Every structure is written in structure tokens, then in C-alpha cells.
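# my questions are about this predicted structure, shown below with the sequence.
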Amino acid sequence: MSKISPPSYETKEQVLEWIKAYQETEDKEAQTNLVLNYQRLVESIARKYSNGKSYHEDIAQVGMLGLLGAIRRYDPEFGRTFEAFAVPTIIGEIKRFLRDKTWAVHVPRRIKELGPRIKSSVGVLTTELQRSPTVFEISEHLDVDEDDVLEAMEMGRSYQALSMDHSLDSDSDGSSITLFDVIGKQDDGYEKTDQRMLVANALSVLSEREKQVIQYTYIDQLSQKEAGDKLDISQMHVSRLQRKAIKKLQEAILAAGGVS
């Protein structure tokens, strides 16, 4: 990524005066002056990450939150200028937003973070083996479970969903055909009773804590950290319970004949 060239700012002394006023008294005028002074910097960083996408405004707003966080935490005794402290803070906030919020479906953070590692290891292993690596070889290289590799590879396809209005083609009279036009419909009640019974039986194999983890992370779509806070346990403990619960559910469903 090319180096970000900051625009012209007020003097260092003036910036430090505003930061001090905001940190000590939450001076709104000082905050406004700082935001206006660094608005162009935030915009320039946001443009590099949005790349002209429709969510540029969202990224710019997240960048502003990063700027405010930098203003609250900056200490001149760090030995760096405010700009040098603010830029990585703003970038970090934007990267967290892109990692956590731009997926089309809820995906556990460990799976999101595993994706780039898989991509890198595939390149390394392909060079070493002179062929595409197997899932087992990737899992061995990364020292992770094969199931996690498969899940990450599958979830990587869900990064961005197509709109139902997405144009696929045009018919003979030039009218646009959308994704909605080609998706079939199914009776809402079809096999609903059997599947409900199957899921209910599968859930019965879980402990109460495992049920809570599944409820929070998959149904309520909380992050593992948020689920951990509700249950008063660590994020790592939530992750272990989640994997254990999923394995139990898979085994219960397979034992019952599975679902199509």
C-alpha cells in the first residue's frame, strides 16, 4: 500500500492545545477543531480501503471513530507526533470494520482470520509440492483442524452476497433477468415438521452451556467475545464450547439420518 501523504495541519502547538483541552474537559470546540483539521487525512485513508466501493461513507465514519479514539489516547510523551500516532489507529479501526462487518453472513472471527493464512499456505505448499495441496496438508502446515480449514474455505465464498436484484442476463426482448427471477420457490411447510423434530433431538445432546453458546453465536449472531461477556467466560472458552457443540450436533444429525 502506498504511503499516505497527510494534508497541511495547524501548528503542532495548536494541535496539542486542542488535544489537552479535549482530554481534560471534553471541550466540544476543541474536538470539532481537531476533526475538521484531520478530516482530509481520514478521507484519504478511507479512499485507499474503500477503493470506490459503495460503503466508502461507512469506512470514512469508522475512520473518524478511530481519529476520536486517537485523540482520547494520545500522549505527547510517547515521543511521536499526533499524526504518527493517529494514522495506525485509524487504519486499525477500518481494518476491524472490514473484517467484522462486511461479510454477507455471520462468520466466527477465528474462521475469518484463518482465511488469509490458508491462502498464503496454499501458495507455499503448491510451490513445494508442485501441485495443489490437499485439505489435510494445509491443516498440517497450519497446525489446525481439517474441519476448520474446510469451514474457512467454504465461508470465504460468503464474503459478499449478491443482491436479489443482481442482473444475470437479458431475455429475447431485452428485459433484464435478475437473480430473483431464476430462484425457485418451495412450500414453506415442506418437511418442516420432520426437520424441527430432527433439530430438537440434536439439540438435546448439548449441555445447557453449549446451547447458550450456539444461541448467542449463531442465532443472536454475537461475536465470541460478546458471548463470553454474557456467559462470564473467556473468548477462548467460547470457541472451545462452540467447536464441541457443533461436533455433537453433526454426530447427532448423522446418527438420525441427516437432513437434505
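Nice, thanks for sending it over. Numbering: from 1, shown residues only.
# and the lowest mean pLDDT element among the helices and strands of the chain?
The helix or strand of the chain with the poorest confidence is helix 179-182; it has a mean of 45 (mean pLDDT, DSSP states H and E).
# give me the helices and strands touching whatever helix or strand Arg40 lives in, please.
Assigned by DSSP states H and E, Arg40 belongs to helix 28-50. Contact here means 3 or more Cβ pairs under 8 Å, 6 or more residues apart in numbering; DSSP states H and E; on that basis helix 28-50 packs against helix 12-25, helix 56-73, helix 82-101. Every C-beta, even on glycine, is put in place using the N, C-alpha and C of the backbone.
# turn those helices into JSON lines, including mean neighbour count and distance to Val213.
Listed next are these as JSON lines, based on neighbours: other Cβ atoms under 10 Å; distance: least, Cβ to Cβ, whole Å:
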{"stretch": "helix 12-25", "mean neighbour count": "15", "distance to Val213": "39"}
{"stretch": "helix 56-73", "mean neighbour count": "18", "distance to Val213": "28"}
{"stretch": "helix 82-101", "mean neighbour count": "17", "distance to Val213": "19"}
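# and Val124, which of the ones you listed is closest to it?
Val124 lies closest to helix 82-101 among the helices and strands packed on helix 28-50, at 22.8 Å (Cβ to Cβ).
# let's see the helix or strand just after the closest one as CSV, backbone CA atoms only.
Sequence-wise, the next helix or strand downstream of helix 82-101 (DSSP H and E) is helix 109-129. Taking Å, rounded to 0.1, in the frame of the first residue of the first chain, the C-alpha atoms of helix 109-129 are listed here in CSV:
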residue,chain,number,x,y,z
ARG,A,109,-13.7,-14.4,13.9
ARG,A,110,-11.3,-17.4,14.1
ILE,A,111,-12.6,-18.5,10.7
LYS,A,112,-12.2,-15.1,9.2
GLU,A,113,-8.6,-14.9,10.4
LEU,A,114,-7.8,-18.4,9.2
GLY,A,115,-8.8,-17.5,5.6
PRO,A,116,-5.7,-15.4,4.8
ARG,A,117,-3.4,-18.0,6.4
ILE,A,118,-4.9,-20.7,4.2
LYS,A,119,-4.4,-18.6,1.1
SER,A,120,-0.8,-18.0,2.0
SER,A,121,-0.1,-21.6,2.8
VAL,A,122,-1.7,-22.8,-0.4
GLY,A,123,0.9,-20.7,-2.3
VAL,A,124,3.8,-22.1,-0.3
LEU,A,125,2.6,-25.7,-0.5
THR,A,126,1.9,-25.5,-4.2
THR,A,127,5.5,-24.4,-4.8
GLU,A,128,6.9,-27.1,-2.6
LEU,A,129,4.7,-30.0,-3.8
